[in-house]
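Chemist: I would like the atomic coordinates for the input below:
(4 chains)
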Protein chains: 2
Amino acid sequence: MAQETINQILDAAEDKARTGGYNAFSFREIAKDIGIKSASIHYHFPTKADLAAQLARRYTEKFHTHLLSISESGNDLHQQLSDYANLFYQALRTDQKMCLCGLFAAEMNVLPDDVKKETRLFFETNLQWLETLLNSHEIDNPKNEALKLLAKMEGAMLMAKAFESEDYFQEAIDLSQYK
Amino acid sequence: MAQETINQILDAAEDKARTGGYNAFSFREIAKDIGIKSASIHYHFPTKADLAAQLARRYTEKFHTHLLSISESGNDLHQQLSDYANLFYQALRTDQKMCLCGLFAAEMNVLPDDVKKETRLFFETNLQWLETLLNSHEIDNPKNEALKLLAKMEGAMLMAKAFESEDYFQEAIDLSQYK
DNA sequence: ATATACCTACCTACTGGTAGGTAGTTTTGC
DNA sequence: GCAAAACTACCTACCAGTAGGTAGGTATAT
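Modeler: Numbering: from 1, shown residues only, chains lettered A, B, ... in the order given. Predicted coordinates for the structure are as follows:
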C-alpha cells in the first residue's frame, strides 16, 4: 500500500502551496522533502494539475469533517460560529500559513480547470454549511449572511498574512452581532 | 527619457502579477509583451525583487491618490465608504483581476523583503485612511473598525475570484450599518 | 505472470541574471 | 566651437539552475 507515500506527497505539497500558491511547489522539491525521486510522484499523480486538484479536495474534505463536528455539537449559534472561526485561526496559528483554497482563489485565473473546480467546491461547501446553520437559527437572508461570514474569514486571514501576525485575524473577526 | 518603457514594464508586470502572484510574471514574458529584450528590463530593474517592490509601491501610490480624492469630496461617511468599496470593485470589474497587494499578502511568506515591506505599506495606508475617516465621524473604536472594513474588502474580492463573478463582491459588501 | 511502487536517465522549455557590445545623446574640457 | 568622454537605453549571447513530464528498467509481492 502506497497510501502513506501519497499522504506524504500531499502533506509536502500542501505545506508549500499554502505558503506561496500553485507555483510555489514543484515535483522536485516534494520528492526531496520526502526522500523519493520526482519521477515517482508522477506515478501517483500524473500531472501537477492532478496533484493540486487532489490537494484541494483533501483539504475541503478535512475541513468538512470539522464542520460536521461543529454542527453536531448542538451548541448555540454564536458558539458554533466561534468554533467555525477557530478552524481558520488554528490553520493560521499552528501552520503559520494561509488557507489553501483562499490562496488558490486569489490565483484562480492561472489554475488548471480541475483545480479551479475543487477550489470552488471548498467555498460552496462552506457557504452551504453556514447557510444551513444560519437558517436553522432563523437568521434573515441566510444566503447573503453566509457569504459575508465566509468573506470575513478569508479577509481576516489575509490581514494576518499582510501584517504577519495572527492577532490581526482575531481583531478582524467580530461575531458579537450573533450573540 | 525612458519613463515610458518603465511604465510599460510595470503595466505588463502588474497585469500578470494580479493574475497569479509573484511567480506569475517573468522578465521574458514582460519583454515579449512590450517588444524589448529581457536583458533590457534588468537595466531598469536590476532584480525581480526590485521590479515587484516598485510595482507594489506604484500600486499603493495610485490607490492613495484615489483615497485622497474621496476624502476631499466632503461626502458623508456612508458615501465615502461606498466610494472606497468601489475602488476595489472597479479593479475587479475593469481588469477582472485581484488586488495586487491582496494577492501579494496571501503569498507573503515567499516574497523578498522589499516586496513584503511595500505590500504591508499598502495595508497600512488603507488602515490609516479608514481610521481617520471613521474617527472624524465619531465612530467607536475606529482602529478596529478600519481593520474590519479592510478585511471585508479583501475578503469580498476573494469571493469574487473564487466564484469567478464580480457580483459576489457586491453581495459580500454591506455598509448599511454606516448609514 | 502480473501489478505495484519505485528507480535512472533524459527531454524540452523556461527561470533570473550576467558579460560585453553598440548606436545615439549629453556633458565636459580646452 | 568642437572633439573627447561619459551616459542612456537598448542589444546579442550566454550561464547555471529548475520546471513538468516521459521512456524504460527493476525489485518485490501477489
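
Chemist: Could you list the buried residues of stretch A:21-28?
Modeler: Within stretch A:21-28, the residues scored as buried using 16 or more other CB atoms under 10 Å in any protein chain shown are A:21-25, A:27. No exception for glycine: its C-beta is placed from N, CA and C like everyone else's.

Chemist: How about that stretch and chain B, touching?
Modeler: Yes: on the criterion CB under 8 Å from any CB of the partner chain, stretch A:21-28 is in touch with chain B at A:21-24.

Chemist: now stretch A:82-97
Modeler: Yes: interface with chain B: stretch A:82-97 contributes A:96-97 (CB under 8 Å from any CB).

Chemist: Tell me the buried residues in that stretch?
Modeler: Here stretch A:82-97 shows A:82-85, A:87-89, A:91-92, A:97 as buried, counting by 16+ other CB under 10 Å.

Chemist: from those, which two are the most distant?
Modeler: Within the buried residues of stretch A:82-97, A:S82 and A:K97 form the most distant pair, 21.6 Å apart (CB to CB).

Chemist: could you pull out the strands for chain A?
Modeler: In chain A, no strands are defined using DSSP state E.

Chemist: for the buried residues of stretch A:82-97, which one is nearest DNA strand C?
Modeler: Minimum distance to DNA strand C across the buried residues of stretch A:82-97 is 23.2 Å, recorded for A:K97 (CB to the nearest atom of the strand).

Chemist: who are the neighbours in contact with the nearest residue to the closest one once chain neighbours are set aside?
Modeler: Excluding the flanking residues, the one nearest A:K97 by CB to CB, 6 or more residues apart in numbering or on different chains is A:R18, at 3.9 Å. Shown in contact with A:R18 (CB atoms under 8 Å, 6 or more residues apart in numbering or on different chains): A:95, A:97-100, A:103.

Chemist: mind running it again at 10 Å?
Modeler: By CB atoms under 10 Å, 6 or more residues apart in numbering or on different chains, A:R18 lies in contact with A:24-25, A:55, A:59, A:91, A:95-104, B:106, B:109.

Chemist: Contact partners for the closest residue to A:F25 other than its chain neighbours?
Modeler: Nearest non-adjacent residue to A:F25, counting by CB to CB, 6+ apart: A:K16, 3.6 Å away. A:K16 sits next to A:22-26, A:29-30, A:33, A:97, B:109-110 when contact means CB under 10 Å, 6+ apart.

Chemist: filter those residues by proximity to DNA strand D?
Modeler: Contacts with DNA strand D within the contacts of A:K16, counted by CB under 7 Å from any atom of the strand: A:25-26, A:29.

Chemist: Now flag whichever of these is closest to B:E154.
Modeler: Using CB to CB, the shortest approach to B:E154 within these belongs to A:F25, at 23.7 Å.

Chemist: Pull up the gap between that closest one and A:D33, please.
Modeler: As judged by CB to CB, to the nearest Å, A:F25 and A:D33 stand 10 Å apart.

Chemist: Pull up the overlap in contacts between these two.
Modeler: Shared contacts of A:F25 and A:D33, defined by CB under 10 Å, 6+ apart, are found at A:12-13, A:15-16.

Chemist: So which of the residues you listed is the closest to chain B?
Modeler: Closest to chain B out of those is A:K16 (9.0 Å), distances taken as CB to the nearest CB.

Chemist: correct me, but A:R28 touches A:I41?
Modeler: Yes: using CB atoms under 10 Å, A:R28 makes contact with A:I41 at a distance of 9.0 Å.

Chemist: what stretches of chain A score poorly on pLDDT?
Modeler: Within chain A, the stretches with pLDDT under 70 are A:1-2.

Chemist: Could you check which residue of it lies nearest chain B?
Modeler: For chain A, CB to the nearest CB, closest residue to chain B: A:G155, 2.5 Å.

Chemist: mind listing the helices for chain A?
Modeler: Secondary structure of chain A (DSSP state H): helices at A:3-20, A:27-34, A:38-44, A:48-72, A:77-95, A:100-106, A:113-136, A:142-162, A:167-172.
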